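Trainee: Quick one, what's the 3D model for this:
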Amino acid sequence: MNYSHDTEMDRDWAADQLRRKKNALTGLPDSPIRRTAAALPQVAVAAVQGVAATPPGAATLGSALSALAINAGSAEHVQRICHGLLALLYDKECLAVHHEFAQLKGVEALLAILRRHGGGTALAALRVLEKLCRTVPRELCACGGVDVLARCAEVPCQAPRLLEASLRCLHGLTFDTEATSLCGSKMRIEVAPKELSSKFYALMRWEPECALLP
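Mentor: Next comes the predicted model:
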């Protein structure tokens, strides 16, 4: 007999109520507690865990995000983890994985990296966000993504690669109607959503090296 059954039920009910309260005003879909997460491809496993041996099936999207949170202060580790996430999210047809990433608070984790780091670390996070800006644009906007991306784009003398990556993300958000209105009302840079495309392609002409980025 499981004498802990009632305690486990109470715990799950409390966690469910807390989740509903947190998601009430975020616009995120209400879903039960996630017990499993998408498995990382082998290239992503190597990127996240380096040379450490891992049992088959042990590396998941959840473990990658946990590693990102634990190693948030290390630029080297963050870059490696972001490269692994990019390998997982590279295919825009895998919408289920993109939505799972958003439900696991992956977007918030990437925005926290952008607030904390610059240079190559910020670029690695921006490349992951670029894959998400058209598939989960409202989730990105709901957690303050527009302001963070705008700050990256308006930094004086910003590195061309970072400016280009920020504009790619902002331009991707304009393909969603609700996200477009948020871009127009929240962006601090004086660029309307409909002008992002021309600014982006102008940057590509001014900085030929940016055109080499995937």
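
Trainee: Please work out how many residues are found near the spatially closest residue to residue 89 that is not a sequence neighbour.
Mentor: Once flanking residues are discounted, residue 89 sits nearest to residue 131: 4.5 Å by Cβ to Cβ, 6 or more residues apart in numbering. For every residue, glycine as well, the C-beta is placed using N, CA and C. By the other Cβ atoms under 10 Å criterion, the neighbourhood of residue 131 contains 21 residues.

Trainee: Where does the prediction get shaky in this structure?
Mentor: Along the chain, segments meeting pLDDT under 70 span 1-6, 23-59, 91-93, 182-214.

Trainee: Check the gap between the residue nearest to residue 89 and residue 159 for me.
Mentor: For residue 131, the distance to residue 159 (Cβ to Cβ, to the nearest Å) stands at 21 Å.

Trainee: can you check residue 102 too?
Mentor: Using Cβ to Cβ, residue 102 is found at 28 Å from residue 159.

Trainee: Looking at these two, which is more packed in?
Mentor: Neighbour totals were compared for residue 102 and residue 159, and residue 102 leads with 21 against 15 (other Cβ under 10 Å).

Trainee: The more buried one sits in which helix or strand?
Mentor: helix 95-103 (DSSP states H and E).

Trainee: List the contacts of the helix or strand just after that helix.
Mentor: Downstream of helix 95-103, the next assigned helix or strand under DSSP H and E is helix 106-116. Identification of contacts with helix 106-116 by Cβ atoms under 8 Å, 6 or more residues apart in numbering yields 61, 65, 68-69, 72-73, 78, 82, 85, 101, 121-122, 125-126, 128-129, 132, 136, 139-140, 143-145, 148-149, 152.

Trainee: Weed out the non-buried ones from the residues you listed.
Mentor: 61, 65, 68, 72, 78, 82, 85, 101, 121-122, 125-126, 128-129, 132, 136, 139-140, 143, 145, 148-149, 152 (16 or more other Cβ atoms under 10 Å).

Trainee: which helix is the longest one in this structure?
Mentor: helix 5-23 (DSSP state H).

Trainee: The helix or strand where residue 88 lies - contacts with which helices or strands?
Mentor: Here residue 88 is covered by helix 75-89, with elements defined by DSSP H and E. In terms of contacts (3 or more Cβ pairs under 8 Å, 6 or more residues apart in numbering; DSSP states H and E), helix 75-89 is packed against helix 42-49, helix 61-70, helix 95-103, helix 106-116, helix 119-132.

Trainee: repeat that for 7 Å
Mentor: helix 42-49, helix 61-70, helix 95-103, helix 119-132 (3 or more Cβ pairs under 7 Å, 6 or more residues apart in numbering; DSSP states H and E).

Trainee: follow-up on the earlier one: what about dumping the CA coordinates of the helix holding residue 102 to CSV?
Mentor: Extracted C-alpha coordinates of helix 95-103, given in CSV (Å, rounded to 0.1, in the frame of the first residue of the first chain):
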residue,chain,number,x,y,z
LEU,A,95,7.0,23.1,-33.9
ALA,A,96,6.3,20.7,-31.0
VAL,A,97,9.9,21.0,-29.8
HIS,A,98,9.8,24.8,-30.1
HIS,A,99,6.6,25.0,-28.0
GLU,A,100,8.1,22.6,-25.5
PHE,A,101,11.2,24.9,-25.2
ALA,A,102,8.9,27.8,-24.5
GLN,A,103,6.9,25.9,-21.9
